[in-house]
Each structure stands twice: as C-alpha cells, then as structure tokens.
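**Student:** Quick one: sequence plus predicted model below, questions after.
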Amino acid sequence: MKRSRIFYVNLAFTLLVCAFLIVPIFLSMLAGVTVNFFQGIKSGLTLSWVIEVWSLYADTIFLSLLIAVACLICNLLIGVPAAYVLARKSGRVARMIEETLVLPIAIPGLAIALALIVTYGGIREFRLSWLFILVGHVLYTLPFMIRSVLAVLSSFDFRTLEEGAASLGAGFWKRFRTIIIPNCRAGILAGSLMVVTLSVGEFNLTWMLHTPLTKTLPVGLADSYASMRLEIGSAYTLVFLIMILPLLIALQLYGRPRAAKTTISDPE
Amino acid sequence: MTSDQEVSTSIRLEACAKTFDDGTRALEPIDLEIAGGETVVLLGPSGCGKTTTLRIIAGLEAPDPGGRVLFGSDDVTPLPIESRNVGMVFQSYALFPNMTVRENVAYGLMVRNVPKPERAVRVGEMLAMMHIEELADRRIDQLSGGQRQRVALARAIAVRPRVLLLDEPLTALDASLRERLRIEINDLLRSLGITAVYVTHDQGEAMAIGDRIVVMRKGVVAQIGSPKDIYYRPANAFVADFIGTSNRLTGHLSNGALSFQGGSIPWQRSEAAELTVMFRPQDAEIVAPTEAQIAGRIANVYFLGDRTKIILEAIGQGPIVVETTAQADFVIGSNVGLKINPDRIFEIDGET
C-alpha cells in the first residue's frame, strides 16, 4: 500500500513528540545506573545507586503502595455507592453535591492539606499516622472515581435494568451486585486507574501532610533530589517506574476486554 | 415462594389512584377486576395512565393511600415488585447487557435459588419454547429487536410468575415483525393460561390480544369491554374515535326520526331533542340517490385493493367515510344515496 507524504510527515511529527516526552525519562533512568552522571555513560554502569535507594527509601515505596491500595479501597467503598446515589437522585441537591465534589480538584493541594491540618492536626495519633495522608488522598481522588462511574451510569438505562431485575425477584443488594456493579465495570476500572495513579504520584498534599516517619515515594523523591547525588534521585525514578508501570499496565489490560463474559455469581 | 402452577391468579385494583411527587395526577381512582387466566389490555394515548396502572399492579409504583392491589386473595399492596412474583416485559426489554441470553433467562431462577440442574432444564425449555436455543450463548448486543423480545418473554415466564405484565412490548419493533410477534404472544398467553395485563397504544394490537380492553383517557377509564363491545358499542366519542374510524351524525329528533343535513334515519330509541349517533365505515353502503333516505356527494375515492374507501360530503356536520368491497365505479362529485345498516347505528355521548 502506497502511503501519501502527509502520512510520513504526520508519523515523523508523532515520533518527534513521543521522543520529546520519552527521552528525558529514558535519560533519567539511565542516569540512575551510571557510575558518574557528569562523566557520562563511559564511566560505566552500576546497580549500586539502585541498591542504595532501596536501602534508604524502600519504606517510602511500600508506604506509597499501601496508601494507594487503601485509597482505592476507600474509593470503591465510598465512591461507587455515592455515584449510584447521585445518579438515582435527580434533584437540585444531588447536582449541587456533584459539583461540590469536584472542588478538591480545583483547590490547590496545599490548601486542602492546610485545612486538614487546621481541623484534625490536633489529634496527635491521627496526625502522626499514615491514615492522615490517606484522608487527603481520598478527598483528592474521590471526584475522579465518582465522575467516572457517573459517566457510565448515565450511558445506560440502569433504572429500567434494575426494575427488570426486581421483577425477577432480586432485592436491592442482589441487583446492585449482579446488575449495577458488572455494568459499571468499565467506569470503575477507569476510575481505579486514575485513583491509583494519582495517589502514587500525589505530592502537593502529601508534602504538607507527611511526617518524617510517613514519607511517601514522591516526597522521598523530592528529598533525594534536594539532598542526595543526582544519580540517587535518578535511580529512585527508575525504581518508581519499575514498580508502578507493571501495575498500571495490568490495570489497563484488565479493563480492556470490557464486554468479556461475566458469569452470574452463584448464591451458595 | 415459587408457587408452582398457580397460573390463574386474579387481580383486583381497589381505588388505586396515583399522584406524583410534583402534584400531577396520573391516575384517578380506578377499580379493576381481572379474572384468573384473562388477558386484559390497557389501551389509550400516551399520558392516559395505562403504564401507571400497570406499574401499580407490578409494584413499581405505590398507589396513593387508600388504594389496594390484590392478587387472588392476597393483599400485595405493601409488597415491592421483587416479592410479588410477577413476570414483566418492558418496552425497552431491560435485558442485562452483562449476561448472555441463557444467563438472562436464568436470572430469576438464580435469584430464587433454584438448584443448578433444575435451572438448566427450565432455561432449556424456555429457550426451546421461544425458538431461541441457538442464541443461548450470545450477548444481548448481538441480538436483533425481535430476538430481544423473545428473550425478554422467556426471562419473564421462566420464573412461572403469578401474573404476566407487558408494557408496550412490541412498540420498538417494525411493523411486519410486530404483526408476527403479536400472534406469537397471543398464542403464548393462551397456551400458558396465565393472567396477563398488556399495555399498548395500538388499538389493532389491543383488539387482537385482549379478552377485555380497558380504554383509558387522562387517568380515567373510558370504557371496559370485550374488543367487540368496544368497537361496536363505544361508550363515548373518545372511545369511538380511538378505536378505528367512526362516523358521527348529530341531529334533531322528531316524529321518530333523526334529521340532519342530507336526510334522516328512523330513530325511536331516545327521548332527547338532539343526539349523536355513530356507525363504522363498513356498516354503510353507497346506493342510488333514490334508494336511500340520506343523500350526499362523493368527495373522494381511495382504492385500497381489497376494498374502496369513499369520502362523502354534504351529510351531517363532517365528512362521512364509507368502506365497501363493491367493485362499482365511484365518480367523484356524483350524488349518491347512503344506506346505513340499522343494527349497527349506536347512540353515543357526543362530547369528545
């Protein structure tokens, strides 16, 4: 097949943009395994920076993952039912709540963090625990989950589907589990992807909320850039990418065949 | 809860009214008795309250306080739909897109905890009955409209409901398919012997399917009767106009005859000074002007193949429609006589 010149121009432009975005990441990753960044690659490759990062910051990585997972669970438990309720209620109040929920996206993370500290900072145990950061993350990510599920809910007539299920004898929880949740799967997955990504990468809020004992990955990264050798910061980035990329790819793949056969769960 | 073979549950509505939250009165208090095994059609234009009535029977809407819904001798008024053991077919079918055809049909049985082997057998029977066995493992979005309709029916009757409720089940289909499925649904309802309530705005569908028809208008029952009653003895002008074409003649009564522009007909059945009668287009014939007491002029002629539709003017207040199977040549503008079958003229309440 003969392709027009326009095609090749477009292709070249696309590749250029990709390169512009990817090359810095690649160079940063490379810096993390270079003996001396200022002498360049000829100084040799080493894993010692990575090992050093691991020994210094492993806990931040695990804390970030812990918070991300906990944040996702909170979002699933709060966000999905909240979206359902908002979709069911058509009144002005529901619309107002929906709009209000978006506020945390518009307000700077620092302001939210400050508000949390002013309000709850006095509760010492809470202030010192990682749960303090979790609250901030949930507040910040919840609108993404709710929006995502709401979008799916408004794309099909879930009320009639529910009426159909009810006519067949299904009570509310049965309907919610077998009809609403499976049909919202795409939205829940897209929302989950957002929530995990945002939570793992969140810096603004977390930087204000963290204590020396509750440092997350991005906070640790900032710390290492500020106080360590450039190679350590780069090695940190490398570790970060190696940890997060498979997670995101797995979530994407899981969400891809969205119409995959879902079997009815059996009541045992 | 799966009461087997309780196929002929009667339904009774007592003073069921419905006022929505915004204050709109969707349904004036209605009393309705539906015998076990009977198919009743709720017929009327949109906004007449027919769907609301069906949803009250189903349990999807609660009647205003004071209204009661009874299935047989059980008062089901406080029960939500999931506890009423009804089968329902929705206008949009409400099939579950996250399940296959088989899983859709099995859903009600799964909810009722019917053991798996028995479930499979019953689902197999339903699929065979509706001739959709080869679609069993398809997803809903892979089905045509007619196929979806069959799946919806199979799903609704698989649970052996006490009553079957159908909300405009054929509206979403094209005309020829509608015709075919109408016959199938009719056969199905007869063979199941189930009590069924069928909502439609299509009078042809109502005639074909209903044992009795409830014609509704603005939240009020306009008439209840067999298809023949409704057609030949409409209670008022609204019913007459809604069910097929009707001709109306309004005139003065004197000396045992009803006179109007163009002639008169003998009429002894009323004392009123002024009244309206109606007749159907096929209950009159065109004759020579000298042979009839009514004379008019042919305004238009439509040849419809098996019959001819003739519009007459200069009779009564409006055009008169006559349908005939006669093969004569009808000339537009010619003066003709109109002879109406005296057994098929009925007095009606002239108000629309």
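**Tutor:** Looks like it arrived, so ask away. As the structure is a prediction and not an experimental result, all values here were calculated from the model. Residues are numbered from 1 along each chain as shown, chains lettered A, B, ... in the order given.

**Student:** hey, where'd the helices end up in chain B?
**Tutor:** In chain B, helices defined by DSSP state H lie at B:50-58, B:101-111, B:116-129, B:145-158, B:175-192, B:203-209, B:227-232, B:237-242, listed in chain order.

**Student:** any residues touching the last one, and which ones?
**Tutor:** Residues from elsewhere that reach helix B:237-242 (C-beta atoms under 8 Å, 6 or more residues apart in numbering or on different chains): B:43-45, B:203, B:215, B:217, B:222-223, B:230, B:234, B:246, B:248, B:276, B:278, B:348-352. The C-beta positions use only the backbone N, C-alpha and C, and glycine is treated the same way.

**Student:** can you tell me which of those are up against chain A?
**Tutor:** When C-beta under 8 Å from any C-beta of the partner chain is applied, no member of those is adjacent to chain A.

**Student:** one step back: okay, the helices of chain B in JSON lines with mean pLDDT and mean neighbour count next?
**Tutor:** Formatted as JSON lines, those follow (pLDDT from 0 to 100; neighbours: other C-beta atoms under 10 Å in any protein chain shown):
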{"stretch": "helix B:50-58", "mean pLDDT": "92", "mean neighbour count": "24"}
{"stretch": "helix B:101-111", "mean pLDDT": "92", "mean neighbour count": "25"}
{"stretch": "helix B:116-129", "mean pLDDT": "90", "mean neighbour count": "15"}
{"stretch": "helix B:145-158", "mean pLDDT": "90", "mean neighbour count": "23"}
{"stretch": "helix B:175-192", "mean pLDDT": "85", "mean neighbour count": "15"}
{"stretch": "helix B:203-209", "mean pLDDT": "88", "mean neighbour count": "20"}
{"stretch": "helix B:227-232", "mean pLDDT": "88", "mean neighbour count": "18"}
{"stretch": "helix B:237-242", "mean pLDDT": "84", "mean neighbour count": "21"}
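
**Student:** Of those helices, which is nearest B:Thr290?
**Tutor:** Closest approach to B:Thr290 among the helices of chain B is made by helix B:227-232 (29.6 Å; C-beta to C-beta).

**Student:** by contact count, what packs against that closest one?
**Tutor:** Applying 3 or more C-beta pairs under 8 Å, 6 or more residues apart in numbering or on different chains; DSSP states H and E, we find helix B:227-232 packed against helix B:203-209, strand B:212-217.

**Student:** tell me the average confidence for the shortest one?
**Tutor:** In this model, strand B:212-217 carries a mean pLDDT of 92.

**Student:** Outside of that strand itself, list whatever touches it.
**Tutor:** So strand B:212-217 is contacted by B:32, B:38-45, B:48-50, B:53, B:206-207, B:221-227, B:230, B:238-239, B:242-243 (C-beta under 8 Å, 6+ apart).

**Student:** cool, and the longest one?
**Tutor:** The set of residues external to helix B:203-209 that reach it, using C-beta under 8 Å, 6+ apart, is B:39, B:41, B:43, B:170, B:178, B:182-183, B:185-186, B:189, B:198, B:200, B:213, B:227, B:231, B:242-244.

**Student:** 7 Å instead?
**Tutor:** By C-beta atoms under 7 Å, 6 or more residues apart in numbering or on different chains, the surrounding residues in contact with helix B:203-209 are B:39, B:41, B:43, B:170, B:182, B:185-186, B:198, B:200, B:213, B:227, B:242-244.

**Student:** Tell me how many other residues crowd B:Ser144.
**Tutor:** 11 (other C-beta atoms under 10 Å in any protein chain shown).

**Student:** Next, find the distance separating it from B:Ser176.
**Tutor:** According to C-beta to C-beta, to the nearest Å, B:Ser144 stands 13 Å off from B:Ser176.

**Student:** now swap in A:Leu248 and tell me
**Tutor:** Between A:Leu248 and B:Ser176 the distance is 51 Å, computed by C-beta to C-beta.

**Student:** Going by neighbour count, list what's buried in stretch A:113-122.
**Tutor:** A:113, A:116 (16 or more other C-beta atoms under 10 Å in any protein chain shown).

**Student:** low-confidence ranges in chain B?
**Tutor:** Applying pLDDT under 70 to chain B picks out residues B:1-7, B:269-270, B:350-352.

**Student:** Thank you, goodbye.
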